[in-house]
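Novice: whatever this is, show me its structure:
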Amino acid sequence: MAAKRALIMHPKDNVATAVEEIQAGEQVKTAGGGEARTLTAAEAIPFGFKIALEEIPPGAIIVKYGETIGKAGQPIAKGALVHVHNLEGTRARGDLEGREKR
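Specialist: Residues are numbered from 1 along each chain as shown. A predicted model of the protein is given here:
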């Protein structure tokens, strides 16, 4: 069976984007962002979602497009789905600004 595909947007990224549905245990080959990699999906990764390219410890920065998109809220295994359940935003929410002063 052919390996599934994921795209790395920038060489600094520690996540890639699945360009097709990936099932747990399937081999994934990356393209873009420098050197091609092969890894095994630790769980199902839906089309368009992020897959971890390496072990990411809690509090570590998650990088996509060469930019910080958040930090790990829990340990993330290599090949695991990276989404709202394990990714915390690092940008301030402007809509909450000043509410503490009321």
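Novice: which stretches in the protein count as strands?
Specialist: 4-7, 15-18, 27-31, 38-40, 50-52, 61-64, 67-72, 81-82, 87-88 (DSSP state E).
Novice: got CSV for these, with mean pLDDT and mean neighbour count too?
Specialist: Bear in mind the C-beta positions are built from the backbone N, C-alpha and C, glycine included. Formatted as CSV, the strands of the chain follow (pLDDT from 0 to 100; neighbours: other CB atoms under 10 Å):
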stretch, mean pLDDT, mean neighbour count
strand 4-7, 98, 18
strand 15-18, 98, 23
strand 27-31, 98, 17
strand 38-40, 98, 14
strand 50-52, 99, 23
strand 61-64, 98, 19
strand 67-72, 96, 16
strand 81-82, 98, 24
strand 87-88, 96, 16
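Novice: residues in contact with residue 26?
Specialist: 1, 3-4, 40-41 (CB atoms under 8 Å, 6 or more residues apart in numbering).
Novice: what do you get for residue 18?
Specialist: Per CB under 8 Å, 6+ apart, neighbours of residue 18: 4-6, 28, 45-51.
Novice: which residue, other than its chain neighbours, is closest to it?
Specialist: residue 45 (4.6 Å; CB to CB, 6 or more residues apart in numbering).
Novice: what about the one you found, neighbour count?
Specialist: Close neighbours of residue 45, defined as other CB atoms under 10 Å, add up to 28.
Novice: go on, residue 74?
Specialist: For residue 74, using other CB under 10 Å, the count is 12.
Novice: which ones are touching the spatially closest residue to it that is not a sequence neighbour?
Specialist: Distances taken as CB to CB, 6+ apart place residue 86 nearest to residue 74, at 5.1 Å, with adjacent residues excluded. Counting by CB under 8 Å, 6+ apart, residue 86 touches 72-74, 76, 80.
Novice: and what of residue 87?
Specialist: Contacts of residue 87 (CB under 8 Å, 6+ apart): 50, 62, 69-73.
Novice: make it 7 Å
Specialist: 62, 70, 72-73 (CB atoms under 7 Å, 6 or more residues apart in numbering).
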